[in-house]
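> pasting the sequence and the predicted coordinates here, then a few questions.
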Amino acid sequence: MERYDIVIVGGGPAGLAAAIAAKRAGAERLLILERDNELGGILNQCIHNGFGLHTFGEELTGPEYAARYIRQVRELEIPCWLNTMVLDISPDRVLTVTSRDGGLRQIAARAIILAMGCRERPRGALNIPGYRPAGIYSAGTAQRLVNMEGYMPGREVVILGSGDIGLIMARRMSLEGAHVKVVAEVLPYSGGLKRNISQCLDDFGIPLKLSHTVVDIDGKERLRGVTLAEVDKNRRPIPGTEEYIPCDTLLLSVGLLPENELSASAGVALDSVTGGPVVTESLLTSVPGVFACGNVLHVHDLVDYVSEEAARAGENAAAYVLHGEQPENAAVCLVGKNGVRYTVPQLLDVRHMPEQLTVRFRVGQPYRDVTLCVWFNETCFRRIRKRVMAPGEMEQFVLRRTDLPADLHTITFTVEEDAK
């Protein structure tokens, strides 16, 4: 059995940043495992710009952003196994992997960093009636086909879901000559960044229909059209609002799910809201020596935040290996209530936290002119006026260790709306 100090599962933006940080923090025997034939992960197909503003102070495309991290990995001589699938992770940190060249192997690690990213929610989760004709793709699959493989999925396009990938593909398909007829969203608000709504829909004259969904798919061999209908507040179609739209392509952008089958097999406790691991301030999961970062932990809106978070995971994994396991006493719980859906981290050990700790969270619905309240136990520590808060944009709050009371057991984040 081969043995390493730290094994990083995933060679995307999170895995690369974690590996670089761990190496620079003093860890020696590192290994990156990547199931694709190249490093970079999802960034390789994201050829639009907008990446790197926080990390590098300039706008980069996805491949350019990934290339900077790949270059650092190579300069630090961190070994990578490509085309390698991790089949299982045991609770005692033994990974079972397979590849065409190496066959079935087992690797023992003193620490593991989970950086597997996320996947798209498929059509099967939507319960849309109709056959399964050609022409229905997830937005990410269509993005890969157009940007990396040079294929056009179709010419007359309807997009269901207004997440960032769906918005970006509305623009991309338009630039390639397709006619994007409409973007439909079942919620009464868009799940994407405001800048993407402006740059990808408004600039191209693409209509966005909120509180609408696809209720029927027409076509048996090839998609011929879809039927849209307005939905009520319970997301049930309203009879009489149906509208048939001829099209040959339906792109689905209906949410992302953290890839945590391996995490579950290792015995990692998962958060019911994020779908990712429950972690402490050091991004340590419930399994000793197993850390998590990036979209496998919770779905981010900016890759810069992924890299920042992953670097912390790498540094903490290196400290775990170099200085031995520290007894955890994560007695402080971080929770979201009254509009705040979740927080990351969920647990805090004040003794081990840095001087400043960034807590990230999302709200459950759009808000205007509200107050974000941070509570230490039953005492309101801080009230922050917020002009706009939206589910598509991650919020963050910096905790300072010097502000925390000695008897702290709960930190709660809430949203207070002004009385009308």
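Received it, and whenever you're ready, just let me know what you need.
> now do the helices in this protein.
Using DSSP state H, the helices of the chain run over residues 13-24, 62-75, 139-147, 164-175, 194-196, 261-265, 303-323.
> need the winner for burial among these.
helix 13-24 (a mean of 28; mean count of other Cβ atoms under 10 Å). C-beta coordinates here come from the backbone N, C-alpha and C atoms, glycine included.
> packing partners for that one?
Judged by 3 or more Cβ pairs under 8 Å, 6 or more residues apart in numbering; DSSP states H and E, the packing partners of helix 13-24 are strand 2-9, strand 30-33, helix 62-75, strand 103-114, helix 303-323.
> who does the last one touch, helix- and strand-wise?
Packing partners of helix 303-323 (3+ Cβ pairs under 8 Å, 6+ apart): strand 2-9, helix 13-24, helix 62-75, strand 103-114, strand 290-292, strand 356-363.
> change it to 10 Å
Using 3 or more Cβ pairs under 10 Å, 6 or more residues apart in numbering; DSSP states H and E, the elements in contact with helix 303-323 are strand 2-9, helix 13-24, strand 30-33, helix 62-75, strand 103-114, strand 290-292, strand 356-363.
> nearest to residue 284, of those?
For the helices and strands packed on helix 303-323, the distance to residue 284 is smallest for strand 290-292, at 5.6 Å, taking Cβ to Cβ.
> okay, now residue 90: neighbour count?
Using other Cβ atoms under 10 Å, residue 90 has 14 other residues around it.
> sorry, wrong one. I was asking about residue 202.
Neighbours of residue 202 (other Cβ under 10 Å): 10.
> distance of the residue nearest to residue 311 when sequence neighbours are not counted relative to residue 96?
Leaving out its chain neighbours, the residue that sits closest to residue 311 by Cβ to Cβ, 6 or more residues apart in numbering is residue 21, at 4.0 Å. Per Cβ to Cβ, to the nearest Å, residue 21 is found 26 Å from residue 96.
> and for residue 351?
Distance of residue 351 to residue 96, computed by Cβ to Cβ: 35 Å.
> of the two, who's got more company?
Taking other Cβ under 10 Å, residue 351 and residue 96 do not tie; residue 96 has more neighbours (15 against 12).
> isn't the more buried one right next to residue 104, touching?
Yes. Between residue 96 and residue 104 there is a contact at 7.1 Å, judged by Cβ atoms under 10 Å.
> common neighbours of these two, please.
residue 87 (Cβ atoms under 10 Å, 6 or more residues apart in numbering).
> got the contact list for the closest residue to residue 316 other than its chain neighbours?
Distance criterion Cβ to Cβ, 6+ apart; nearest residue to residue 316, sequence neighbours excluded, is residue 282 at 4.1 Å. Counting by Cβ under 10 Å, 6+ apart, residue 282 makes contact with 291, 312-313, 315-317, 319-320, 326, 328, 330, 345, 347-349, 352-354, 357.
> do the same with residue 65
Taking Cβ under 10 Å, 6+ apart, one finds 13, 40, 43, 46, 49-52, 55-56, 59, 303-304, 307 in contact with residue 65.
> equivalent analysis for residue 11, please.
For residue 11, the contact set (Cβ under 10 Å, 6+ apart) comprises 19, 32-36, 38-41, 66, 69-70, 73, 80-82, 84, 115, 117.
> pLDDT value on it, please?
On pLDDT, residue 11 comes in at 97.
> how close does it get to residue 302?
Relative to residue 302, and taking Cβ to Cβ, residue 11 is found at 20 Å.
> again, but for residue 321
As judged by Cβ to Cβ, residue 321 and residue 302 stand 29 Å apart.
> again with residue 216
As judged by Cβ to Cβ, residue 216 and residue 302 stand 36 Å apart.
> ok, those two, which is more surrounded?
Neighbours were counted for residue 216 and for residue 302 using other Cβ under 10 Å; residue 302 has more, 18 against 15.
> need the contact list for that one.
Contacts of residue 302 (Cβ under 10 Å, 6+ apart): 50-55, 164, 193, 308, 393-394.
> out of these, the closest to residue 26 would be?
residue 308 (19.9 Å).
> contact partners for the closest one?
By Cβ under 10 Å, 6+ apart, the contact set of residue 308 is 17, 21, 54-55, 293, 300, 302, 358, 360.
> could you redo the last one with a cut-off of 7 Å?
By Cβ atoms under 7 Å, 6 or more residues apart in numbering, the contact set of residue 308 is empty.
> likewise residue 53?
Residue 53 neighbours (Cβ under 7 Å, 6+ apart): 59, 304.
> at 10 Å instead, please
59-60, 302, 304 are the contacts of residue 53 under Cβ under 10 Å, 6+ apart.
> repeat for residue 256
The neighbours of residue 256, taking Cβ under 10 Å, 6+ apart as the test, are 117-121, 140, 163-165, 191, 275, 295, 298-300.
> count of residues packed around residue 383?
Neighbourhood size, residue 383 [other Cβ under 10 Å]: 10.
> and if you look at the one 3 residues further on?
Residue 386 sits with 15 neighbouring residues when counted by other Cβ under 10 Å.
> where does this protein have low pLDDT?
The model of the chain has pLDDT under 70 over residues 325-330, 419-420.
> which one is the residue nearest to the spatial centre of it nearest to, not counting chain neighbours?
By Cα atoms, centre = their mean, the chain has its centre lying nearest to residue 299, at 2.3 Å. Computed as Cβ to Cβ, 6+ apart, the closest residue to residue 299 that is not its neighbour in sequence is residue 256, at 4.8 Å.
> great, nothing more from me.
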